[in-house]
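# sharing a model that was predicted from the sequence below.
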Number of protein chains: 2
Amino acid sequence: MTTPTLLVLDAEPLPRLGRLTGRVRIEHADESTLAERLPSADVLLVWDFTSHAVRGAWPGTGPRPRWVHTASAGVDHLLCPELAASDTVVTNARGIFDRPIAEYVAALVLAFAKDLPRTLQLQRERTWRHRESRGLAGTRACVVGSGPIGRETGRILEALGVTTALVGRTARAGVHGPEDLDRLLARADWVVAAAPLTEATRGMFDARRFGVMQPSAHFVNIGRGQLVVEEALAEALRGRWIAGAALDVFATEPLAPDSPLWELPGLVVSPHMSGDTVGWRDELGAQFVELYERWAAGEPLVNVVDKQRGYVPGH
Amino acid sequence: MTTPTLLVLDAEPLPRLGRLTGRVRIEHADESTLAERLPSADVLLVWDFTSHAVRGAWPGTGPRPRWVHTASAGVDHLLCPELAASDTVVTNARGIFDRPIAEYVAALVLAFAKDLPRTLQLQRERTWRHRESRGLAGTRACVVGSGPIGRETGRILEALGVTTALVGRTARAGVHGPEDLDRLLARADWVVAAAPLTEATRGMFDARRFGVMQPSAHFVNIGRGQLVVEEALAEALRGRWIAGAALDVFATEPLAPDSPLWELPGLVVSPHMSGDTVGWRDELGAQFVELYERWAAGEPLVNVVDKQRGYVPGH
């Protein structure tokens, strides 16, 4: 058997693929060389998960990798129609980000409940101003997205005493269907966007949905920026339709220095870091090595994306 | 039976004592009139729990109230030697603050793990800077204080996946004794001060103890300011002996505008608000009314402070 070629769409720092040394020919590509190198690759590792280069390079001519793995949970940045229609298997980093992102959501929800951003502002002003904060136990959350990240977020919020409803693409045990969404939004103290970006979810948080929420509600997006109509969120915050929000993802990343989002009242902006805890890159590399062992042995892969739906179907 | 006199050391807003109307003569005192009014009172309600006026007024002459209740968990602000030696029963607000304070500690611990203060600073600078944050699950906490607040704090941290050791005045089931403290501090990621202020705990967080902690450790004080040698904490933060701290309580409150604590690197300053969630004053009032019903009926009071130890002995 010839040595398979693994093409890596690079990002710094490079993945640690120790166990694969000598068993695979590793080639590297960046956004400018991806298209010309695709035909020689058996496997494509999308290590630079911020890049949309696969969408542009895939529709070209010649052979295509039989397997594409992305070191991310979302696959919207690579799933072009030609890849979706092909026989190529796509896998993702399902599992690595669940707990970090759930903790991140808990951190933001608790920070809002305890008015922490305001505390830090008053500290800068050297102002001692006592306020009453909010108890978290007994409040209600609506988590939109019932994949592993949404479910782990639900678990951590429940552990903090928050009554949490999950909303998925279809109703099933423990998960509400889209038909319940507006009713759940209307009574939620915390609304969390944890859905994959698909044609069904793009722009789902629009002016109407922010209008349904309580004025005391807070919104947290750790999914994809395009789940939110950013202008509608801006209007909702300026008009105090909702009390606050935290965005870790944006329609355009990095967020431009002149974006009005940096200074919206009640908005916390973070640079797409919710899932990235110390050691995460090594975990992503180790996960790929494990998948590669299965692939090389002819065993079925796990974390296989349903390319029509745009995510890994689960429970 | 004559109508008992309830003297209230006032603070705004006044307590809601609805059910007691007509059954008790309510008199009011402030810091300047407390001493002269004490002899006429059967019961003293220390509603202004920020005041140290009882310490000054109690040693005077004449009859003294048979019962003193403070709308706070700590009793250090009223326990003068003369009150401690008297037959007067002292009760506190045990129970009201447990969950809010535990949530507050969780909020600060998560904010540190996820580097939230830095995120807010970068947002003000309109700077997109990705960082790796810390996973909370699997980290270790040491909670000093094994009363209801410390125990609830331990429960919420455990629910977040943090391995938590409680340290109390004496070792018992589930609680370490002081002999284990330095060893536990040395391996803790999160150190929480939740002890009552007594002669045994005053200044216990000093230069030596901050020196024992890991450079990556964070310290949170929701107990009393005097548990901490503030100059030692300042030195520990400036010298990076520890990574950060959050103080909700201070040796002198409110913190003076020119205090160096406002601007210490890695320090979050909040205005003694960790236990004060929406509705807390009504809960404090209702708790006193319940205790009063017991007292008026000749039943044993609960939340009775051991005046020698300086707290309500528990489990």
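Done, it's in.
# and stretch A:84-97 with chain B, contact?
No - using Cβ under 8 Å from any Cβ of the partner chain, stretch A:84-97 never reaches chain B; the gap is at least 10.9 Å. Bear in mind the C-beta positions are built from the backbone N, C-alpha and C, glycine included.
# hmm, who's touching that stretch?
Applying Cβ atoms under 8 Å, 6 or more residues apart in numbering or on different chains, the contact partners of stretch A:84-97 are A:64-75, A:78-79, A:83, A:147-149, A:274-275, A:280, A:283-284, A:287, A:291, A:301-305, A:307-308, A:312.
# averaged pLDDT, stretch A:253-273. What do you get?
Mean pLDDT, stretch A:253-273: 97.
# output that stretch as CSV, nothing but the C-alphas.
C-alpha atoms of stretch A:253-273 as CSV (Å, rounded to 0.1, in the frame of the first residue of the first chain):
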residue,chain,number,x,y,z
GLU,A,253,-14.2,38.0,12.3
PRO,A,254,-12.1,39.5,13.6
LEU,A,255,-14.5,42.3,14.4
ALA,A,256,-13.3,45.5,12.7
PRO,A,257,-12.0,48.2,14.9
ASP,A,258,-14.7,50.6,13.7
SER,A,259,-17.6,48.2,14.3
PRO,A,260,-20.4,49.7,16.4
LEU,A,261,-20.6,46.5,18.3
TRP,A,262,-17.6,47.3,20.5
GLU,A,263,-19.5,50.0,22.3
LEU,A,264,-23.1,48.8,22.4
PRO,A,265,-24.7,49.3,25.8
GLY,A,266,-24.8,46.0,27.7
LEU,A,267,-22.8,44.1,25.2
VAL,A,268,-19.8,42.0,26.0
VAL,A,269,-17.5,41.3,23.0
SER,A,270,-15.0,38.4,23.1
PRO,A,271,-12.8,37.2,20.3
HIS,A,272,-14.2,33.7,19.4
MET,A,273,-12.4,32.1,22.3
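# write out the residues of the stretch 1-150 of chain A neighbouring chain B.
Applying Cβ under 8 Å from any Cβ, one finds that the stretch 1-150 of chain A approaches chain B through A:99-100, A:103-104, A:106-108, A:110-111, A:113-114, A:116-117, A:119-120, A:122-123, A:126-137.
# now go through those and say which are in helices.
A:99-100, A:103-104, A:106-108, A:110-111, A:113, A:116-117, A:119-120, A:122-123 (DSSP state H).
# need the max-distance pair from the residues you listed.
Greatest spatial distance among these (Cβ to Cβ): A:99 and A:122, at 32.2 Å.
# which of the two has more neighbours?
Neighbour totals were compared for residue A:99 and residue A:122, and residue A:99 leads with 22 against 18 (other Cβ atoms under 10 Å in any protein chain shown).
# mind listing the strands for chain A?
Here chain A has its strands, by DSSP state E, at A:5-9, A:25-29, A:43-46, A:67-70, A:89-91, A:140-144, A:163-167, A:190-193, A:218-221, A:244-247, A:267-269.
# got these as CSV, with mean neighbour count columns?
Converted to CSV, the strands of chain A look like this (neighbours: other Cβ atoms under 10 Å in any protein chain shown):
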stretch, mean neighbour count
strand A:5-9, 22
strand A:25-29, 15
strand A:43-46, 26
strand A:67-70, 25
strand A:89-91, 21
strand A:140-144, 26
strand A:163-167, 21
strand A:190-193, 27
strand A:218-221, 26
strand A:244-247, 25
strand A:267-269, 21
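# excluding its backbone neighbours, what's nearest the residue in the stretch 201-315 of chain A positioned nearest to chain B?
Residue of the stretch 201-315 of chain A nearest chain B, by Cβ to the nearest Cβ: residue A:254 (3.7 Å). The shortest distance from residue A:254 to any non-neighbouring residue, by Cβ to Cβ, 6 or more residues apart in numbering or on different chains, is to residue B:128 (3.7 Å).
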